[in-house]
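Asker: fold the following for me, if possible:
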Amino acid sequence: MKTTRRDFLKVASVASVGIGVLSTGLAASNSTKSNKVLPFSDIEESAKKIHLQLFNMCGYAAPKIETVRLGIIGLGQRGPMAVERLCYIEGVEIRGLCDKSMDRVDKAQKILSDHGLPLAKAYGGKEDSWKEMCQSPDYDLIYIVTPWELHTPMAVFAMENDKHAVSEVPAAVTLEEAWQLIETSEKTKKHFMMLENCCYDFFELMTLNMARQGFFGELIHAEGAYIHDLRWLNFSKTGYTDMWRLKENQHRNGNLYPTHGLGPVCQAMNINCGDKMDYLTSMSSNDFYMDKEAEELAKTDSFFKEFATNSYRGNMNTTVIRTEKGKTIMIQHDVTSPRPYSRIHLISGTKGMASKWPEPARIAQGDEWFDEKKMKELEKEYTPEIVKRVGEMAKRVGGHGGMDFMMDWRLIDCLRNGIPLDQNVYDAALWSSIAPLSEWSVANRSNSINVPDFTCGSYKKNTPYDIMLSQGGNTGVRTKPINEG
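Answerer: Residues are numbered from 1 along each chain as shown. Purely as a prediction, here's the structure:
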């Protein structure tokens, strides 16, 4: 097993040159800046190595947890929103709140107080305060909302300490980390789920249900993206703590954030459940914005001198994936161009297709494009059970239009009912792995590279998750804060 992981570390270390170590002992962000053509024959050979599956976590139902005792790590931008959403879900006790800034912990405590809920135990003040939370027997689930480089170390530590774990996206930044998540989850039989909220978007869920029922025929191609103009936020001193996200864009050239567009189309195409990714090729444009912006800012503010490095990733990355069954997926990433937001979400089959962006979303079957009236009829017929049960509440609570709340509600519902999660550790590993694999391809003139089969062959018999909630679905919601009646 150690030899196998070491082989895959070769892949990660080539795809992400320069693995460092933080003062806390956690894996640091990786660098891929290199003008040398990398030995892709070696990396292809390493990618063919087979990991010996200890236990298949796809379809695994952990013992029921009547009341999920939850601890949250990371209370910067998205953490407080998670606290707010979880307050509306019955069967949850937010037992712990952790951040290196105690001011943030205090602000999150006020959210609990405003909902009439007990205050949580506070952890913070130092870099590794989260370890104390993970080691405590008072938690069933650790909810991780931190910078990318900390997701895997925290999740692995939590599972090793007998906790289920979930993290924001991406779950891993190297292939080695992806395998660490898998091996730990299989060894401990603790769930790990990446919090890919876009899988719970209303349109994505409806078209997934349509695909499952054969509306589009056999799916043969899909497209997804994360096209989101974040220039102002990446260069804001008050945006991401210690400018961590801007630093991720230095020296790493590829699709660094693939999962929002990729997750929903993978579910529609039954990736990891009947089909698998075979290989990919990736290409990036030059950087036409980020270094120029850093140089301009540095002229009047010396703080930005370290960011004027002429080594940013290309503004637009396009990655194309071919599956074992001969189907294709195109994924794009661009957070610096002045373009309207888009995840594309296009699925195309032998009988029809659907595309969400540019809005309004459109669906076609054969040569017929459905008008607004027909779209309403499709919504009525194909809206999945989760939306029927909590969709209106999700819209009220919010979180990217409600998909965040549906994600959290379904996670808790699965744990409380002892049923398999909608997303598993193999999905998290695969969707996240596109980042280092695309980095390698970009560095090698867009040569193709094999995508590891993180299921170790079990994809052939794995079955897709239950979109119609034939199990569970009984977790209640609070329609208003407890202290309002």
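
Asker: give the contact list for the residue nearest the centre of the chain.
Answerer: The centre of the chain sits closest to V169, judged by CA atoms, centre = their mean, with a distance of 3.2 Å. By CB atoms under 8 Å, 6 or more residues apart in numbering, the residues touching V169 are M194, L195, E196, Y257, T259, H260, W431, S432. C-beta: built from backbone N, CA, C; applies to glycine.

Asker: can you show me the CA trace of stretch 64-79 as PDB?
Answerer: Output in PDB follows, covering the C-alpha atoms of stretch 64-79 (Å, rounded to 0.1, in the frame of the first residue of the first chain):
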ATOM      1  CA  LYS A  64     -27.600   6.000  12.100                       C
ATOM      2  CA  ILE A  65     -26.900   9.100  14.100                       C
ATOM      3  CA  GLU A  66     -30.100  10.400  15.600                       C
ATOM      4  CA  THR A  67     -28.600  13.800  16.500                       C
ATOM      5  CA  VAL A  68     -25.600  14.800  14.500                       C
ATOM      6  CA  ARG A  69     -23.100  16.500  16.800                       C
ATOM      7  CA  LEU A  70     -21.200  18.900  14.500                       C
ATOM      8  CA  GLY A  71     -18.000  21.000  14.700                       C
ATOM      9  CA  ILE A  72     -17.100  23.600  12.100                       C
ATOM     10  CA  ILE A  73     -13.600  24.600  11.300                       C
ATOM     11  CA  GLY A  74     -13.100  27.900   9.400                       C
ATOM     12  CA  LEU A  75     -15.300  30.900  10.000                       C
ATOM     13  CA  GLY A  76     -14.000  33.300   7.300                       C
ATOM     14  CA  GLN A  77     -16.200  34.000   4.300                       C
ATOM     15  CA  ARG A  78     -18.300  30.800   3.900                       C
ATOM     16  CA  GLY A  79     -18.100  29.400   7.400                       C
END
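
Asker: before we move on, back to that, from the contacts of V169, which two are the most distant?
Answerer: The distance between the two most remote of the contacts of V169 (CB to CB) is 13.6 Å, for L195 and Y257.

Asker: any buried residues in stretch 116-125, and which?
Answerer: Buried residues in stretch 116-125, defined by neighbour count with 16 or more other CB atoms under 10 Å: L117, A120, K121, A122, Y123, G124.

Asker: next: stretch 137-157.
Answerer: 139-157.

Asker: now do stretch 337-349
Answerer: S342, R343, I344, H345, L346, I347, S348, G349.

Asker: a markdown table for the residues you listed, including distance to T479?
Answerer: Below are these laid out as a markdown table (distance: CB to CB, whole Å):
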| residue | distance to T479 |
| --- | --- |
| S342 | 33 |
| R343 | 30 |
| I344 | 35 |
| H345 | 30 |
| L346 | 36 |
| I347 | 34 |
| S348 | 40 |
| G349 | 39 |
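
Asker: which of those lies closest to R389?
Answerer: H345 (22.7 Å).

Asker: circling back to that earlier point, grab the nearest non-local neighbour of the residue nearest to the centre of the chain.
Answerer: Nearest residue to V169, sequence neighbours excluded (CB to CB, 6 or more residues apart in numbering): T259, at 4.6 Å.

Asker: for the one you found, what are phi and psi?
Answerer: phi -80, psi -30 (degrees, to the nearest 10).

Asker: ok so, going back, pipe the buried residues of stretch 116-125 into TSV and attach secondary structure per row.
Answerer: Compiled in TSV, the buried residues of stretch 116-125 are given as follows (DSSP: H, G, I helix; E, B strand; the rest coil):
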residue	secondary structure
L117	coil
A120	coil
K121	strand
A122	strand
Y123	strand
G124	strand
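
Asker: and the furthest pair within those residues?
Answerer: The most widely separated members of the buried residues of stretch 116-125 are L117 and G124, with 19.3 Å between them, by CB to CB.

Asker: where does the stretch 151-300 of the chain have low pLDDT?
Answerer: By pLDDT under 70, the stretch 151-300 of the chain has no low-scoring segment.

Asker: for it, which segments count as helices?
Answerer: Using DSSP state H, counting those that start in this stretch, the helices found in the stretch 151-300 of the chain span residues 151-160, 175-188, 202-212, 231-234, 244-248, 259-268, 290-300.

Asker: what do you get for the stretch 301-450 of the chain?
Answerer: 372-382, 385-397, 403-417, 425-443.

Asker: out of the ones you listed, which gets nearest to I73?
Answerer: helix 403-417 (15.5 Å).

Asker: S136 and R69 touch, don't they?
Answerer: No. Between S136 and R69 there is no contact under CB atoms under 8 Å: 9.7 Å.

Asker: show me what stretch 263-271 is in contact with.
Answerer: 196, 198-199, 201, 204, 207-208, 211, 219, 222-224, 272, 275, 277, 323, 327, 329, 343, 345-347, 423, 427, 430-431, 459, 464-465.

Asker: try stretch 320-334
Answerer: For stretch 320-334, using CB under 8 Å, 6+ apart, the contacting residues are 219-228, 255-258, 261-262, 265-266, 269, 271, 275-282, 315-319, 344, 434, 451.

Asker: of these, just the buried ones, ChimeraX syntax please.
Answerer: To isolate the buried ones among the contacts of stretch 320-334 in ChimeraX, judged by 16+ other CB under 10 Å, type:
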select :219,220,222,223,224,225,226,227,228,255,256,257,258,261,262,265,266,269,271,275,276,277,278,279,280,281,282,315,316,317,318,319,344,434,451
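
Asker: so of the contacts of stretch 320-334, which ones are in strands?
Answerer: 219-227, 277-282, 317-319 (DSSP state E).

Asker: neighbouring contacts of the helix or strand where L97 lies?
Answerer: Assigned by DSSP states H and E, L97 belongs to strand 92-99. Strand 92-99 has contacts (CB under 8 Å, 6+ apart) with 67-76, 79, 83, 86-87, 105, 108-109, 112, 117-118, 120-124, 129-130, 133, 136, 138-139, 412.

Asker: sort out for me which of those residues are in helices.
Answerer: By the criterion of DSSP state H, membership of those in helices covers G79, V83, L86, V105, A108, Q109, L112, S129, W130, M133, I412.

Asker: please work out how many residues are found near the second one.
Answerer: Think V83. 25 (other CB atoms under 10 Å).

Asker: just the first one next, same as before
Answerer: G79 has 24 neighbouring residues, counting by other CB under 10 Å.
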